[in-house]
Every structure is written in C-alpha cells, then in structure tokens.
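> 3D, please:
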Amino acid sequence: MDEKQALISKKALLARYGISYGSLYRWKRKGLIPDEWFIRKATVTGQETYFPEELICERVERILGTKDEVLLDELAAQLSGEIPNNGAVTVETAYGTHTYRPSDIRSVTLTCADGTTKDVTEQIKKMIQGRN
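Numbering: from 1, shown residues only. Below is the predicted model of the structure:
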C-alpha cells in the first residue's frame, strides 16, 4: 500500500456514507472489503482505524449502489475475481481489480491519444459472451 495515499478515518467514512459500524464489519466478514485496507494507527486517545480513501470510497459506493440489485455474497464473489457463468470482464488498475458481468456494464469508452473517443460497449459485451 502506498504510504503517501490519502487516508480516511473509520468515523469519517461512516459519517460520509451514513453507514453503520455493523454494516462495515459485515462487509469485511463477507470479503467485500479486504482486511489489509483496515489500517490501525496509534493516536493520543488510543487506536483508530483508517482506510486508503480512494479505494474504500470507491468500494463503499459500489456496495451501496448495488445492494438492492445484487446479494452481498454475489458481489463478494465478483470482487474476489470469480467469473460468473455468462462471462465477465476484469479490469485491473493501480487501485485494484474488478470483475464485471456483461449485464453490469453500462458503457465502455476508449479515448485515443489524439483525443477522439469511441464507444466499444457492444463489442466488449459480444466478446465476453462469445458472439464475436
């Protein structure tokens, strides 16, 4: 984990997203939030928990954005890299790896060096489903 990465305290995270302590730790138990993201630091009042801000905020927003459509166990399987039966696309970045089902993909746009853009959503979905 990059030492210079901005951190957010557990208290600030819970307040920002209006989630409970219980929800946060349930997501951790289900594997939705990696254990290594829980960074414990000594403070004058004892010990506090912090998270890499960009990673945890992206993850919490994804959990909250899909919780009414996808079971937490299914989302945990997606995040762990398990590939659903109908194919998937996996995107690996400096911030982590995410696997998406074709039905989860809304738009894929390529931006070329010359600044032009091209929507390749349908081509990607067809490739995933084996319909080149």
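
> strand partners of the helix or strand hosting E92, parallel vs antiparallel please.
E92 belongs to strand 89-93 when assigned by DSSP states H and E. Sheet pairing for strand 89-93, assigned by DSSP bridges, gives strand 96-100 (antiparallel).

> parallel or antiparallel, list what pairs with whatever helix or strand comes next after the strand it pairs with.
As assigned by DSSP H and E, the chain's next helix or strand after strand 96-100 is strand 109-111. According to DSSP bridges, strand 109-111 has the following sheet partners: strand 117-119 (antiparallel).

> rounded mean pLDDT for the longest strand seen in the chain, please.
Across the chain, the longest stretch assigned as strand under DSSP state E is strand 46-52. Strand 46-52 shows a mean pLDDT of 93.

> check which helices and strands the following helix or strand past it sits against.
Sequence-wise, the next helix or strand downstream of strand 46-52 (DSSP H and E) is helix 53-66. Applying 3 or more CB pairs under 8 Å, 6 or more residues apart in numbering; DSSP states H and E, one finds that helix 53-66 contacts strand 7-9, helix 10-17, helix 72-79. All C-beta spots, glycine's among them, are computed from the backbone N, C-alpha and C.
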